[in-house]
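Peer 1: Turn this into a model:
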Amino acid sequence: MGRISVELVPRTVDGLTNQLKLVESNISRIDVINIPDLLSCELRGPEGAVETKKLFPSVIPHIRAMDIDLEKPLPMADYLRENNIKEVLVIQGDPPQDMMHTVYPTESIDVIWKFKKEMPWLKVYAGIDQYRGSMRQEQYRIRRKLQAGADGFFTQPFFDMRYLEMYADMLSGLNIYWGITPVLSERSKSYWELKNSVVFPRGFETGMDWSIDFGRKVIDFAQKNDSNVYLMPIKADFTAYVSGILAD
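Peer 2: From the prediction side, this is the model:
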């Protein structure tokens, strides 16, 4: 199969280092680390990526499109180049809780194009949100991102193999990382339903066992279809979740 990526949230330097040590000592099948760019964290995406490279060779920082002023050069270009960061994931980003943080009316498609123009050697990934509208609408966004130069895509988490397979048919031939994440409580389930418009399949269960079983199904699918998987442990026990999915 392709690569297995795991998301690590860089809340603090020490916290990120501890998570990386878990990856290094317990899980050998992980190929790349994704570092989200959250305003609430001590480290931003590129900074977390540089810390990650001290312990892990392959890393993909997230870049928030709304933080980019299209009238100016990419502010992180030199930093990425100097630290040998070779891949990024461009996302739209959530608005800040307070307006002390400057944002711009910039679309992710524009930022993908800007990266490919100013840093053509960089591999640039884009996001897929399979819940924000119809498949036709998302297919149009995907085509636009490909035209802008996107090299591949990371999806939002899937919870239904039938829905994943429908997307796989639509995305045939593209470099896709299929997202999965645990849903361990009714509160978490409600979050995905209300915030992200997820419709869970019949038979879905909250808890680690169901999440691990579904994750293993996605791994099997990726192996058969030579595609990638994107694990997002979020607040779950990292070792229990990731090791459970990747166990031989």
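
Peer 1: hey, let's count contacts and neighbours off CA atoms from now on
Peer 2: Fine.

Peer 1: Who is the residue sitting nearest the centre point of the chain paired with across the strands?
Peer 2: For the chain, the residue sitting closest to the mean C-alpha position, by Cα atoms, centre = their mean, is F154 at 5.4 Å. Taking DSSP bridges as the rule, F154 bridges to G127, Y177.

Peer 1: How about residues contacting stretch 128-135?
Peer 2: E138, I142, F153, F154, T155, Q156, N196, S197, V198 (Cα atoms under 8 Å, 6 or more residues apart in numbering).

Peer 1: Show me what counts as buried in it.
Peer 2: I128, Q130, Y131 (16 or more other Cα atoms under 10 Å).

Peer 1: can you give me the end-to-end distance of that stretch?
Peer 2: 11 Å (Cα to Cα, to the nearest Å).

Peer 1: again with stretch 219-231
Peer 2: 10 Å.

Peer 1: could you say what helices and strands the helix-or-strand element of the chain with minimal mean pLDDT packs with?
Peer 2: Here the helix or strand of the chain ranked lowest by mean pLDDT, DSSP states H and E is helix 13-26, holding a mean of 89. Contacts defined by 3 or more Cα pairs under 8 Å, 6 or more residues apart in numbering; DSSP states H and E place helix 13-26 against helix 45-53, helix 238-246.

Peer 1: C-terminal to it, what's the next element?
Peer 2: The helix or strand immediately downstream of helix 13-26 is strand 32-35, counting by DSSP states H and E.

Peer 1: what's the closest of the contacts of stretch 128-135 to H101?
Peer 2: Of all those, H101 sits closest to N196, with 24.3 Å by Cα to Cα.

Peer 1: Now do the closest residue to that closest one other than its chain neighbours, the pLDDT please.
Peer 2: Nearest residue to N196 in three dimensions, chain neighbours excluded: Y131, at 6.4 Å (Cα to Cα, 6 or more residues apart in numbering). On pLDDT, Y131 comes in at 97.

Peer 1: and the biggest helix by length in the chain with helix 238-246, angle?
Peer 2: Longest helix in the chain, counting residues (DSSP state H): helix 208-225. Calculated by axes from the mean of the first three to the mean of the last three Cα atoms, to 10 degrees, helix 208-225 forms an angle of 40 degrees with helix 238-246.

Peer 1: any idea which helix or strand comes after helix 208-225?
Peer 2: strand 228-231.

Peer 1: now stretch 240-247: mean pLDDT?
Peer 2: Rounded mean pLDDT across stretch 240-247 is 92.

Peer 1: Now do the contacts for S211.
Peer 2: T181, P182, V183, L184.

Peer 1: Now for the residues you listed: which two are most distant?
Peer 2: Going by Cα to Cα, the pair spanning those furthest: T181 and L184, at 9.6 Å.

Peer 1: Thanks a lot, catch you later.
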